[in-house]
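**Q** what shape does this take:
(chains A and B)
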Amino acid sequence: GESVGLHLPTLSVQEGDNSIINCAYSNSASDYFIWYKQESGKGPQFIIDIRSNMDKRQGQRVTVLLNKTVKHLSLQIAATQPGDSAVYFCAENINNDMRFGAGTRLTVKP
Amino acid sequence: ETGVTQSPTHLIKTRGQQVTLRCSSQSGHNTVSWYQQALGQGPQFIFQYYREEENGRGNFPPRFSGLQFPNYSSELNVNALELDDSALYLCASSLQNSYNEQFFGPGTRLTVL
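**A** Modelled structure (predicted):
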């Protein structure tokens, strides 16, 4: 079965609000955890990654948090915009074997 | 800088046939990975090529095979097609030391009838 999974298949937020997308993993051997965004009709697009020995990493409007105690990963998007509407995947890199979860569809309401 | 391109965009085959999908990697990228994405699912790793050699493989049978050429472009070949092979096939390129940051092509939609 999948070693990464997402808590919710869909998430709807108001434009300007913050979004939090969650992911659980089971494999403690992961070297990195990665977030990708996939818009309709396109391939996934890299957002941010975090090494397994880190707790937090920030990018432009995004923050990834890693809680190794409960094997939980989250992606926080600040001031969500309509262009953020997409499917978000968490993935884990285990010795260059990239394993993706099933995805959460984020819908941003105007 | 040219992004990752894939051809064809759509393809219809019948069960038992063979198919070849093509990918041109982003300029300067030496690593190519192939994924299968079923509808409503995340991409599933098929295999990775680095310097023309297979450098990792997911849980796919041997009838899924690939090639990487000296210019880093790549092919995915699938023999003896099955109905369950119907999916979006994604190619992604990266640098070997920046594997997390893969650049994906738009995919080839394969339908097996």
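
**Q** which parts of chain A sit against chain B?
**A** Neighbours of chain B within chain A, by Cβ under 8 Å from any Cβ of the partner chain: A:2, A:32, A:34, A:41-46, A:49, A:89, A:91, A:93, A:95-103. C-beta: built from backbone N, CA, C; applies to glycine.

**Q** which PyMOL command selects the buried ones in the residues you listed?
**A** Buried members of those can be picked out in PyMOL with the line below, counting by 16 or more other Cβ atoms under 10 Å in any protein chain shown:
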select buried, chain A and resi 32+34+43+44+46+49+89+91+93+96+97+98+99+100+101+102+103
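
**Q** which residue ranges of chain A form strands?
**A** A:4-6, A:10-14, A:19-25, A:32-38, A:45-51, A:56-58, A:62-67, A:72-77, A:86-94, A:97-100, A:104-109 (DSSP state E).

**Q** and among those, the most buried is which?
**A** With neighbours defined as mean count of other Cβ atoms under 10 Å in any protein chain shown, the strands of chain A peak in mean count at strand A:32-38, which reaches a mean of 24.

**Q** which residues touch that strand?
**A** Outside strand A:32-38, the residues within contact range by Cβ atoms under 8 Å, 6 or more residues apart in numbering or on different chains are A:21, A:23, A:25, A:44-52, A:62, A:64, A:66, A:73, A:75, A:84, A:86-93, A:98, A:100, A:103, B:100.

**Q** angle of it against strand A:72-77?
**A** With axes from the mean of the first three to the mean of the last three Cα atoms, to 10 degrees applied, the angle from strand A:32-38 to strand A:72-77 works out at 40 degrees.

**Q** how distant is strand A:32-38 from the center of its chain?
**A** Relative to the centre of its chain, strand A:32-38 is centred 5 Å away, using Cα atoms, centre = their mean, to the nearest Å.

**Q** again, but for stretch B:11-21
**A** With Cα atoms, centre = their mean as the basis, stretch B:11-21 stands 14 Å off its chain's centre.

**Q** same question for stretch B:30-43.
**A** Centre-to-centre, stretch B:30-43 and its host chain are 7 Å apart (Cα atoms, centre = their mean).

**Q** buried ones in that stretch?
**A** Neighbour count says stretch B:30-43 has B:30-37, B:41-43 buried, by 16+ other Cβ under 10 Å.

**Q** now do the same end-to-end measure for that stretch.
**A** Distance across stretch B:30-43, first residue to last, is 21 Å (Cα to Cα, to the nearest Å).

**Q** how near is the residue of chain A found nearest chain B to B:Ile46?
**A** Closest to chain B within chain A is A:Gly43: 2.9 Å, counting by Cβ to the nearest Cβ. A:Gly43 sits 14 Å away from B:Ile46, going by Cβ to Cβ, to the nearest Å.
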